[in-house]
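Q: the sequence and its predicted three-dimensional model are supplied below.
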Amino acid sequence: MELYLDSADLKEIEDAFQLGFLTGLTTTPTFMHRGGVTDIDGLIVKLSKIVPVLQIEALGDTAQDVLKEAKRQLALGLDPKKTVFKIPVSLEGVKACNLLRREGLLVNVHLIYTLQQAYMAMQAGASYVCPLVGRLQDQGHDALDLVEQCVFAVNHYGYDTKVMFSSVRNAEHVRNAINLGVHTITVPWKIMKALTENNFTSLGTQQFIEHTRLMTVKVKDAINKVNPVVSADTSLTDAIVKMTEFGFGAITITNGSGQVVGVFTDGDLRRKLQQDGRNVLGQKMGDFKYNTPISVDANSLLTDAADIFKKSKVDTILVTENGKPAGMLDIQDLESD
């Protein structure tokens, strides 16, 4: 199914065609008017150099007027093999369609609201017939049934005509077009952009990224740069000041060789104040007993750290390298770069 962009907004046209696989662009004088365009010919020439196929309006009171307008636009420098002239359906319109087709030009007969209109366009040799689904549904008509009938007529009678699903209002219309077997669809950019979106896809992609990160990134490349360390002869008061300066809830205690003695946390501080009162503030960090800190080697992968977080139920673990403190790894560091 061919995919056209339906727009006259130059910025979104340039963005959309960077996709690289759009069939072409449909545009209307109404779009251009809403966009404040004053030089229609200038915009048409510019668009013709951006998009693979350009579908533009060719208007006139008579078939000859329409033919004349199409030739005038071609004289601007448009490629006749990459330009489709849109003609509103009418008796003069299908006559003009036939004249243009006899000269080898491409025609989209649009503003189709009935199967009879579509039939006349097909019989006139229209390259495209274009029912306006959204507008028909606004009027309470069964637009999808009309589109299905047009597709059936093309296939049953063998017309060399493509049915274009237009006046697309939502993503559901795109699904309808696919299910009905239309040959082409023209879609506004805001709807086209949303066609690949799904919350479960986003969640799954994020999960793949996080799991890949766990298996490829080393702990030392993910740790927080904050690494509060004090020696064993540092007073508890000074250690608290340093913890506060670093904005961290824990501090690592080392001996004279720089080896890890233990980790002191703000939880440890509250417990000791409750047990021993303010006198504890005068003690040295080496006066306290420490359990073996929960730690991970700096050269381990994040997946090893994730296992430690899961088993220990803590939010922060000590990172060591050759027995010396290298930093702290927060559980949130597993998820972000």
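A: Perfect, I can see it now. This is a predicted model, so every value here is computed, not measured.
Q: give me the mean pLDDT for whichever helix in the chain runs longest.
A: As assigned by DSSP state H, the longest helix anywhere in the chain is helix 199-216. In this model, helix 199-216 has a mean pLDDT of 92.
Q: do the same with stretch 133-143
A: pLDDT averaged over stretch 133-143 gives 94.
Q: what does that stretch contact?
A: With CB atoms under 8 Å, 6 or more residues apart in numbering as the test, stretch 133-143 has contacts from 113, 131-132, 144, 146-147, 165-169, 173, 176. Any C-beta I mention is one placed from the backbone N, CA and C, and that applies to glycine too.
Q: gap between that stretch and the chain center?
A: 30 Å (CA atoms, centre = their mean, to the nearest Å).
Q: now swap in stretch 11-20 and tell me
A: Here stretch 11-20 shows a centroid-to-chain-centroid distance of 14 Å under the convention CA atoms, centre = their mean.
Q: which parts of it are buried?
A: Neighbour-count burial for stretch 11-20, with 16 or more other CB atoms under 10 Å as criterion, is recorded at 12-13, 16-17.
Q: what residues are up against the spatially closest residue to N98 that is not a sequence neighbour?
A: Spatial nearest neighbour of N98, excluding adjacent residues (CB to CB, 6 or more residues apart in numbering): A124 at 4.4 Å. Each residue near A124 by CB under 8 Å, 6+ apart is listed here: 94-95, 97-98, 101, 109.
Q: and those residues, which is closest to V260?
A: Distance to V260 across these (CB to CB) is lowest for V109, with 80.7 Å.
Q: looks to me like the closest one is in a helix.
A: No: V109 is assigned strand when assessed by DSSP: H, G, I helix; E, B strand; the rest coil, not a helix.
Q: so what's it scoring on pLDDT?
A: On the pLDDT scale, V109 is placed at 98.
Q: which residues does it contact?
A: Counted by CB under 8 Å, 6+ apart, V109 has contacts 86-89, 93-94, 97, 117, 121, 124, 126, 128-130.
Q: which of these fall within helices?
A: Residues of the contacts of V109 located in helices (DSSP H): 93-94, 97, 117, 121.
Q: need these in CSV with pLDDT, neighbour count and distance to K311, can you?
A: Below are these laid out as CSV (pLDDT from 0 to 100; neighbours: other CB atoms under 10 Å; distance: CB to CB, whole Å):
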residue, pLDDT, neighbour count, distance to K311
G93, 97, 26, 75
V94, 98, 23, 77
C97, 98, 30, 74
Q117, 98, 22, 72
A121, 98, 28, 71
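Q: ok, which stretches of this protein are strands?
A: In the chain, the segments counted as strands under DSSP state E are 2-6, 24-26, 54-57, 83-88, 106-112, 128-131, 162-165, 184-187, 229-231, 250-254, 260-265, 295-297, 316-321, 324-330.
Q: what residues sit buried inside the lowest-mean-pLDDT helix or strand in the chain?
A: Scoring the helices and strands of the chain by mean pLDDT, DSSP states H and E places helix 29-34 at the bottom, with a mean of 82. In terms of neighbour count (16+ other CB under 10 Å), helix 29-34 has its buried residues at M32.
Q: residue numbering should commence at 377 henceforth.
A: In the new numbering, first residue 377, that becomes helix 405-410.
Q: gap between the residue of the chain positioned farthest from its centre and D663?
A: Using CA atoms, centre = their mean, the residue of the chain lying farthest from its centre is N655. It sits 59.8 Å away. According to CB to CB, to the nearest Å, N655 and D663 sit 12 Å apart.
Q: return stretch 697-713 as CSV; C-alpha atoms alone will do.
A: Presented in CSV, the C-alpha positions along stretch 697-713 are these (Å, rounded to 0.1, in the frame of the first residue of the first chain):
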residue,chain,number,x,y,z
GLU,A,697,39.5,-2.1,43.7
ASN,A,698,42.5,-4.0,45.0
GLY,A,699,41.0,-3.8,48.5
LYS,A,700,40.8,0.0,48.5
PRO,A,701,37.5,2.0,48.3
ALA,A,702,36.8,3.2,44.7
GLY,A,703,33.3,4.7,45.3
MET,A,704,29.7,3.9,46.1
LEU,A,705,27.2,2.3,43.7
ASP,A,706,23.6,3.3,44.2
ILE,A,707,20.9,0.9,43.0
GLN,A,708,19.7,3.7,40.6
ASP,A,709,23.1,3.7,38.9
LEU,A,710,22.1,0.3,37.4
GLU,A,711,19.4,2.0,35.3
SER,A,712,21.1,5.2,34.0
ASP,A,713,24.1,6.1,32.0
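Q: who touches it?
A: When contacts are defined by CB under 8 Å, 6+ apart, stretch 697-713 is touched by residues 586, 589-590, 595-596, 598-605, 624, 626, 628, 630, 634-636, 672-675, 678, 681-682, 685, 690-696.
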